[in-house]
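Student: return atomic coordinates for the entry below.
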Amino acid sequence: MSYIHGYDPETLREKIDQRQCKARLEEIGEQRSLPALLERVWLLKVLDRLEDALVISEQSVRVARMAGTRRDLLRSRILHASVQQARGAYAAAEHELTTCAEEAEGQNWAAIAAFAYQHRGKVRFDAGDFDDARMDFKRALFLRQESGATDEQLESSLLAIDAADRRRAQTSVAS
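Tutor: The predicted structure is shown next:
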């Protein structure tokens, strides 16, 4: 079941059903498996419980380092960076996402690299760097196409490119 019902075209934030997300968070409870931790992080983040999300995201990175695969670790780090972004720590999030994207591309893990680029684009978008955000979204789109991503994933990249283009145009008109 997807808890994402689209994306806000102005902020690129996920549109969610708060009730569904809260119910799922309660259902997961205190489970400590890596998939449960990652899901808890995401749910806490979209419910704007950022301090809790940060603590659990740090725990998920530790668990992935100890017991997961390199792919698990990258996914955990990307999600941790998205929490940093939501907290306004753009430089830290961008740095983490850059290293994750480079490692994923070096391993030819196109889907994970696309995930990292999409999130780095969102960080740059939030920071007002619409040109670089657009480049990241385009890179994510290319990698998603290459890896056979779902239509929803492709659509989210296309929406992000369009949002970056609109913001670039608004910024150049205002100058």
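
Student: CA only for contacts and neighbour counts going forward, please
Tutor: Fine.

Student: downstream neighbour of whichever strand or helix holds residue 136 in the secondary structure list?
Tutor: Assigned by DSSP states H and E, residue 136 falls within helix 130-147. Once the chain leaves helix 130-147, the next helix or strand it forms, by DSSP H and E, is helix 151-174.

Student: and that following helix, what does it pack against?
Tutor: Applying 3 or more C-alpha pairs under 8 Å, 6 or more residues apart in numbering; DSSP states H and E, we find helix 151-174 packed against helix 130-147.

Student: at 10 Å instead, please
Tutor: The contact analysis (3 or more C-alpha pairs under 10 Å, 6 or more residues apart in numbering; DSSP states H and E) places helix 151-174 against strand 4-7, helix 110-126, helix 130-147.

Student: that older thread, which positions in the helix holding residue 136 come out as buried?
Tutor: Residues 130-141, 143-145 are the ones in helix 130-147 that count as buried (16 or more other C-alpha atoms under 10 Å).

Student: any idea which residue sits dead centre in the protein?
Tutor: Nearest residue to the geometric centre of the chain (C-alpha atoms, centre = their mean): residue 119, 4.1 Å.

Student: from memory that residue sits against residue 134, does it?
Tutor: No - the criterion here is C-alpha atoms under 10 Å, and residue 119 misses it with residue 134 at 11.6 Å.

Student: overlap in contacts, these two.
Tutor: Common neighbours of residue 119 and residue 134, using C-alpha atoms under 10 Å, 6 or more residues apart in numbering, are 125, 140.

Student: ok, residues contacting stretch 166-175?
Tutor: 9-10, 125, 128-131, 134, 160-165.

Student: kindly apply the preceding question to stretch 41-56 instead.
Tutor: By C-alpha under 10 Å, 6+ apart, stretch 41-56 touches 3-4, 13-22, 24-25, 32, 35-40, 57-60, 62, 76, 79-84, 86-87.

Student: of these, buried ones?
Tutor: Buried by 16+ other C-alpha under 10 Å: 16, 21, 25, 36-40, 57-60, 62, 76, 79-84, 86, out of these.

Student: coming back round to it: among the contacts of stretch 166-175, find me the one that's closest to residue 66.
Tutor: Distance to residue 66 across these (C-alpha to C-alpha) is lowest for residue 125, with 33.0 Å.

Student: in contact with that closest one, which residues are there?
Tutor: Residue 125 neighbours (C-alpha under 10 Å, 6+ apart): 11-12, 119, 131-134, 136-137, 160, 163-164, 167.

Student: this completes my enquiry, with thanks.
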